[in-house]
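A.B. asks: Fold the following for me, if possible:
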Amino acid sequence: MIYIVILMIFAGIEVIGRVPSVLHTPLMSGANAIHGVVIIGAIIVMGKAQQDNYLALVLGFLAVILGTLNVVGGFVVTDRMLEMFKKKKS
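C.D. replies: Take a look at the predicted model:
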């Protein structure tokens, strides 16, 4: 499994590294949508978890926090990139 994870990391770096900068904004929007689903799923897992199942609660909490950070960061990056395409005021 570790070999597969390492290969996925290298494949992801190669794929993302070859994406033109014009396509980064749509990719960020897609990533925001995916992480929004992760946040919803983590909230559902935490809601359905038993009170004594600390592993599910901790992992769900971490997923909510990290997913939220990723969504907010994605929106910030997307907003910055869209600002580059606006005409400057004279």
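A.B. asks: In the helix or strand containing Gly60, which residues are buried?
C.D. replies: If you go by DSSP states H and E, Gly60 is part of helix 54-85. Across helix 54-85, burial judged by 16 or more other CB atoms under 10 Å covers Gly60, Ala63, Val64, Gly67, Asn70, Val71, Gly74, Thr78. Heads up, the C-betas are built off the backbone N, CA and C, glycines and all.
A.B. asks: residues in contact with the helix or strand encompassing His35?
C.D. replies: Assessed by DSSP H and E, His35 sits inside helix 24-48. Residues from elsewhere that reach helix 24-48 (CB atoms under 8 Å, 6 or more residues apart in numbering): 19, 56-57, 59-61, 63-64, 67-68, 70-71, 74-75, 77-78, 81-82.
A.B. asks: Which of the helices and strands in this protein ranks last by mean pLDDT?
C.D. replies: Ranking every helix and strand in the chain by mean pLDDT, DSSP states H and E puts helix 24-48 at the bottom, with a mean of 82.
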